[in-house]
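> Can you look at this prediction? I've put the sequence above it.
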Amino acid sequence: MTIDASGERALPAVGRLLSLPEARALADTYGRELLVDALRAVVAELRIELRSSRAVMLPAADRIVRRAGSRLAASFAAPLGRVVNATGVALHTNLGRAPLAESALLQAIGPCTGYSDLEIERTTGKRGQRGAAVERSLCALVGGEAALFVNNNAAAVLLVLDTFARNRAVVIARSQLVEIGGGFRLPDILERSGCSLREVGCTNRVHLGDYEAAIDPATAMILVVHRSNFALRGFVSEPGVAELAELARARHVPLVYDLGSGLIARRSGPWCADPAELTVSEALAVGCDLVSFSGDKMFGGPQAGIVVGRASRIAAMGANPLYRAVRVGKLTLCVLAATIAAHHRGDRTLPVERVLDASQEDIRARVERVLELLGESVIQALQASAVATEAATGGGAFPDVAIPSFGIAIGAPAGRGAEALAATLRERPTPVIAIIRHDRLLLDLRTVLEDDVPELVRAMQELPDRLAATSLQTAADGRPAP
Ligand SMILES: *Cc1c(COP(=O)(O)O)cnc(C)c1O
């Protein structure tokens, strides 16, 4: 039934919609009050749609109720849904960075579903220090004297600056005044912490002498910041961290290194060979007083900021009232502890380690397995083929390094562009996030976790039908199919 603007009176009353069986089921799930709100909102939307100049179909009453049901489901959905990462970027900030080890999460359940010894000394019964055991375990791993865990690395940097550099000067190379992304800009953080910026060197070159000349009685620290997401190449130079440490010691100022990603152990892959990329323990061993890094980048754990280094410095940060505002909770501590334990074992079982350490041959085998599961007709329909790809670590580590990988390229069935394919994969209940290279849709299988392979296969098998359905729907909406 197609009706025009005068047909809006035909919209069913909310009271009648409530009496439908579908509505009774929804009322049981969400409560009557929320259902009434949702029905009113849907009816109001329909009224606007009907008034719009285009002739529109008035949906049947049960479909109106179902639409209200979808609205309610969307607003009550879990805050996160699982997605299949086929981007080839191992640490993708938009996709939640490091996937967590299931064992690490399981370890958090026991202590967190009951009361816990979060801040109690078992021997004395007195108030204890939050996370003391986790701190010891981390120090044993990377070699610092003490450590502190906060909400994220941005908070760690903020806390370091607030504790040691407020109303004082921070000496930093001009080429390290970086924007990490998502609005995290080093100069802004420095300004927020009330310290003044003492930029040294030129964009491409900075010498030890530049640092030396900049240090004066107002200097609070030398700050080194990992450039994270870009590389400087060509006529460039900067002093090594060891040289800076020596200078800092001689001039009695602390050297702080914001490592960003927090590599724990050097990996065997050629992509990890860059000697300028220091591990956390190397940065401490060459003489940094404090090192900070994220928990959910190369470290492979939960979102957190980890600061490790001199005990006196860590104690001063712990005594800063700001620490109370940025410290981690018990859930994070438990998952951090389990992640640190995995690094101690060195068995490479953290998901991010598996993703990065797999050889190109391993990934090629995964590609072949997926193609086999797809079957010949789907391969034909999608014009799917195996291709060599280049994956990346992401998460602000090794910005310049391509990791040899393998993936599946998809042609353009029914003349649909790569963008339409990507959108169709993204809009399924479990989204598959792909990339587009040279106008072709590419699924890099390095970052597709073993557990996600069946979902990826399903997504690809459904793709021809889904594309056909969206073409039909677009045609039915009166808009031309792209
Ligand atoms: C990622 C990054 C940060 C921010 O870390 P969050 O944990 O996201 O707050 C800060 N500094 C550097 C160098 C980084 O790479």
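Ah, there it is. Remember, predicted model here, so these are calculated numbers, not experimental data.
> biggest helix in the chain by residues?
Scanning the chain for the helix with the most residues, using DSSP state H, yields helix 453-476.
> Whichever residue of the chain sits closest to the ligand: neighbour count?
Each residue of the chain has a distance to the ligand, by C-beta to the nearest ligand atom, and the smallest belongs to residue 260, at 2.5 Å. To be clear about C-beta, it is placed using only N, CA and C from the backbone, and glycine gets the same treatment. Close neighbours of residue 260, defined as other C-beta atoms under 10 Å, add up to 23.
> Surely it and residue 297 touch.
Yes: under the contact definition of C-beta atoms under 8 Å, residue 260 touches residue 297, with a separation of 6.8 Å.
> got any residues that touch both of those two?
Where contact means C-beta atoms under 8 Å, 6 or more residues apart in numbering, the residues bridging residue 260 and residue 297 through contact with each are 395-397.
> Throw these into JSON lines and include pLDDT and secondary structure, thanks.
Supplementary listing: these in JSON lines, determined by pLDDT from 0 to 100; DSSP: H, G, I helix; E, B strand; the rest coil:
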{"residue": "395", "pLDDT": "76", "secondary structure": "coil"}
{"residue": "396", "pLDDT": "73", "secondary structure": "coil"}
{"residue": "397", "pLDDT": "73", "secondary structure": "coil"}
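> Just the closest of the residues you listed to residue 183, please.
Of all those, residue 396 has the smallest distance to residue 183: 14.5 Å, by C-beta to C-beta.
> which ones are touching the closest residue to residue 320 other than its chain neighbours?
When the adjacent residues along the chain are set aside, residue 320 lies closest to residue 163, with 4.7 Å between them (C-beta to C-beta, 6 or more residues apart in numbering). Under the criterion of C-beta under 8 Å, 6+ apart, the neighbours of residue 163 are 313, 316-317, 320, 322.
> ok, now residue 306?
With contacts defined as C-beta under 8 Å, 6+ apart, residue 306 is in contact with 138, 147-150, 153, 156, 262, 292-295, 299, 336.
> now do 7 Å
138, 147, 149, 156, 262, 292-293, 295 (C-beta atoms under 7 Å, 6 or more residues apart in numbering).
> Which parts of the stretch 201-350 of the chain are strands?
219-225, 255-260, 290-294, 305-309 (DSSP state E, counting those that start in this stretch).
> Where in this protein is the helix or strand with the lowest mean pLDDT?
Using mean pLDDT, DSSP states H and E, strand 2-3 stands out as the lowest-scoring helix or strand of the chain, at a mean of 44.
> Please spell out which residues along the helix or strand just after it are buried.
Going down the chain from strand 2-3, the next helix or strand is helix 14-18, by DSSP states H and E. Judged by neighbour count (16 or more other C-beta atoms under 10 Å), helix 14-18 contains these buried residues: 14, 17-18.
> just to revisit the earlier point, would you mind giving the contacts of residue 163 as TSV with distance to residue 459, pLDDT and neighbour count added?
TSV is the format used below for the contacts of residue 163 (distance: C-beta to C-beta, whole Å; pLDDT from 0 to 100; neighbours: other C-beta atoms under 10 Å):
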residue	distance to residue 459	pLDDT	neighbour count
313	49	98	22
316	51	98	14
317	46	98	22
320	48	97	17
322	45	97	15
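> Rebuild these as TSV, extending it with distance to the ligand.
Conversion of these to TSV gives the following (distance: C-beta to the nearest ligand atom, whole Å):
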residue	distance to the ligand
313	18
316	21
317	16
320	18
322	15
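> Inside helices: which ones of these?
Members of these lying in helices (criterion: DSSP H): 313, 316-317, 322.
> Looking at those, which one is closest to residue 221?
residue 313 (9.9 Å).
> shouldn't that closest one be in contact with residue 289?
Yes: Residue 313 lies in contact with residue 289 (C-beta atoms under 7 Å); the separation is 5.8 Å.
> pLDDT below threshold where in the stretch 101-250 of the chain?
Low-confidence segments of the stretch 101-250 of the chain, defined by pLDDT under 70, are absent.
> Can you name the residues of it that neighbour the ligand?
Contacts of the stretch 101-250 of the chain with the ligand, taken as C-beta under 6 Å from any ligand atom, map to 152-154, 180, 184, 225-226, 228.
> so which of the residues you listed is the most crowded?
Counting neighbours by other C-beta under 10 Å, residue 153 comes out on top of these with 27 neighbours.
> Could you list which residues are in contact with that residue?
With C-beta under 7 Å, 6+ apart as the criterion, the residues that contact residue 153 are 260, 292-294, 305.
> what bits of the stretch 351-482 of the chain have low per-residue confidence?
Confidence mapping of the stretch 351-482 of the chain against pLDDT under 70 gives the ranges 412-415, 471-482.
> Near the ligand, which residues of it? Just list them.
When proximity is defined as C-beta under 6 Å from any ligand atom, the stretch 351-482 of the chain approaches the ligand at residue 396.
> And the helices in the stretch 351-482 of the chain?
Per DSSP state H, counting those that start in this stretch, the stretch 351-482 of the chain has helices spanning 351-357, 360-374, 376-382, 418-426, 453-476. These are given in chain order.
> how much distance is there from the longest one to the middle of the chain?
Right, the one you point to is helix 453-476. Between the mean C-alpha point of helix 453-476 and the mean C-alpha point of its chain there is a distance of 27 Å (C-alpha atoms, centre = their mean, to the nearest Å).
> What of the third one?
Centroid separation between helix 376-382 and its chain, computed with C-alpha atoms, centre = their mean, is 33 Å.
> so residue 189 is in which element?
With elements delineated by DSSP H and E, residue 189 resides in helix 186-192, which encompasses its position.
> Could you name the helices and strands sitting against that helix?
Counting contacts by 3 or more C-beta pairs under 7 Å, 6 or more residues apart in numbering; DSSP states H and E, the secondary-structure elements packed against helix 186-192 are helix 153-164.
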